[in-house]
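Undergrad: predicted model follows, preceded by the sequence.
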Amino acid sequence: MTYKNKQTGEKGDLSNDNQIEILLLKSTVLMKLGEFERSNKILGDVLGKETINPLKAVDALIINAENLMRQGEFD
């Protein structure tokens, strides 16, 4: 994933951790909007990555648990 710096106009690549953080944020927003299936799909993609920081994996599982609680499927 590439980005463009607004101040310098330079293009660069996001690190794997930054890409995962963006996906986790997107998943959280979708969950809060009630888009549970889309949120879960993103979480599945994040957890399916070969190189994922263990703390990011825990974040994804926490979001998944909240997702389930909001749907009433978590006991």
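TA: Noted; the coordinates are in hand.
Undergrad: rest of the way, CA atoms for contacts and neighbours
TA: Will do.
Undergrad: geometric centre of the protein: which residue is closest?
TA: Residue closest to the average C-alpha location in the chain (Cα atoms, centre = their mean): Leu24, at 1.7 Å.
Undergrad: nearest residue to it in space, please, no chain neighbours.
TA: Ala60 (6.6 Å; Cα to Cα, 6 or more residues apart in numbering).
Undergrad: ok so, going back, my guess is the residue nearest to the centre of the chain meets Lys41, correct?
TA: No. If you go by Cα atoms under 8 Å, Leu24 and Lys41 don't touch, sitting 11.1 Å apart.
Undergrad: show me where the chain has strands.
TA: Along the chain, counting by DSSP state E, strands occupy 2-4, 11-13.
Undergrad: worst mean pLDDT among the ones you listed?
TA: Comparing mean pLDDT across the strands of the chain, the weakest is strand 2-4, with a mean of 62.
Undergrad: which residues touch Phe36?
TA: Residues near Phe36 by Cα atoms under 8 Å, 6 or more residues apart in numbering: 30, 67, 71.
Undergrad: which one among these gets closest to Gln19?
TA: Proximity of the contacts of Phe36 to Gln19, judged by Cα to Cα, is greatest for Leu30, which lies at 16.6 Å.
Undergrad: now that closest one: closest residue in space that isn't a chain neighbour?
TA: Ser39 (5.5 Å).
Undergrad: contact partners for the one you found?
TA: Contacts of Ser39 by Cα under 8 Å, 6+ apart are 26-28, 30-31, 67.
Undergrad: for the residues you listed, which one is nearest Leu14?
TA: Here the nearest of the contacts of Ser39 to Leu14, counting by Cα to Cα, is Lys26; it sits at 15.7 Å.
Undergrad: contact partners for the closest one?
TA: Residues near Lys26 by Cα under 8 Å, 6+ apart: Ser39.
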